[in-house]
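Engineer: A structural model of the following input is requested.
(3 chains)
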Amino acid sequence: MPDSPFGDWDGTPAGARLLQQELAGQVVLSDDFLDLGLIAGVDVGFEEGGGVTRAAAVLLDANTLGVLAESLVRIPTSMPYIPGLLSFRELPAVLCALAELPRVPDLIFCDGQGIAHPRKLGIAAHLGVVSGLPTIGVAKKILVGTHAELGSQRGDQVPLMYRGEVLGAVLRSKDRVRPLIVSPGHRVSLASAPRLVMACVTRYRLPEPTRLADRLASRRA
DNA sequence: GCGACAG
DNA sequence: ATCTTGTCGC
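Structural biologist: Here you go, the predicted structure:
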């Protein structure tokens, strides 16, 4: 049996939660990256009524946002979706897609939460710890936390609070659109995550890395 | 016990 | 996430 990206996980939801608590202790929340030349976006889609997991990874030039490479992989789905345990369902495929890219990115944008998670280990944080690479979580909905009223202009943001601490930001990437939930994954600070996301937003609600990965992953075969 | 609940 | 066409609005 090939080793899973989850170490000695016993396969149970309870065991997954214990592993999350352990890995959360390895997350680095300070900016720990130099030149951002390459940024990757990753996302997952499903086929066959959910039996096949399809992961997409798109590599872009951090300065021009031009696409340098793409990868798409399909593997059998191994676990159902359980709120709070998304990474155990999607990470295996995501790691395969990333491995297919011709270069290792300097930063990865992930569709889903970073540390804005019950145990501070959303899929972006989990991906960061297992890959060792800087990551940011860009979600379309809140998993946990509350926030104050948000301004309506592009770039407006308010802190996402949970159990008395700031775990991310609710960010208006465009005028008149539902805000994005942005949180650091690994090796990126709470302050930098939103600005890095805004730096990758063009004319759409989602920043280019995840928007392109999203389109590729869900594009009907 | 009663809801909430990324994708 | 996915099942699904056209349609209303900026």
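
Engineer: ok, and the closest non-adjacent residue to A:Glu90?
Structural biologist: Distance criterion CB to CB, 6 or more residues apart in numbering; nearest residue to A:Glu90, sequence neighbours excluded, is A:Val44 at 4.6 Å. The C-beta positions use only the backbone N, C-alpha and C, and glycine is treated the same way.

Engineer: so, in contact with DNA strand B or not, the host helix or strand of the one you found?
Structural biologist: Per DSSP states H and E: A:Val44 is located in strand A:38-47. Yes. Judged by CB under 7 Å from any atom of the strand, strand A:38-47 comes into contact with DNA strand B at A:43-44.

Engineer: what is the end-to-end distance of stretch A:185-200?
Structural biologist: 17 Å (CA to CA, to the nearest Å).

Engineer: ugh, wrong one, stretch A:48-65
Structural biologist: Stretch A:48-65 has its terminal residues 33 Å apart, counting by CA to CA.

Engineer: ok so, going back, give me the number of residues near the residue nearest to A:Glu90?
Structural biologist: 25 (other CB atoms under 10 Å).

Engineer: I'd guessed it sits against A:Gly50; true?
Structural biologist: No. Applying CB atoms under 8 Å as the test, A:Val44 and A:Gly50 come out as separate, 11.3 Å apart.

Engineer: name the residues of chain A found near DNA strand B, please.
Structural biologist: So far as CB under 7 Å from any atom of the strand goes, chain A lies against DNA strand B at A:43-44, A:81, A:83-87, A:111-113, A:117, A:122-124, A:137, A:139-143.

Engineer: circling back: the strand holding A:Val44: what's the following helix or strand?
Structural biologist: strand A:52-61.

Engineer: what helices or strands is the helix or strand following that following strand leaning on?
Structural biologist: For strand A:52-61, the following helix or strand on the C-terminal side (DSSP H and E) is strand A:67-76. Applying 3 or more CB pairs under 8 Å, 6 or more residues apart in numbering; DSSP states H and E, we find strand A:67-76 packed against strand A:52-61, helix A:86-99, helix A:208-218.

Engineer: quick one, which of those is nearest to DNA strand C?
Structural biologist: helix A:208-218 (4.2 Å; CB to the nearest atom of the strand).

Engineer: count of residues packed around the residue in chain A that DNA strand C sits nearest to?
Structural biologist: Per CB to the nearest atom of the strand, A:Gly45 is where chain A lies closest to DNA strand C, at 3.3 Å. Neighbourhood size, A:Gly45 [other CB under 10 Å]: 21.

Engineer: next, the contact list for it, please.
Structural biologist: A:53-56, A:217-219 (CB atoms under 8 Å, 6 or more residues apart in numbering).

Engineer: how about low-confidence regions in chain A?
Structural biologist: A:1-3 (pLDDT under 70).
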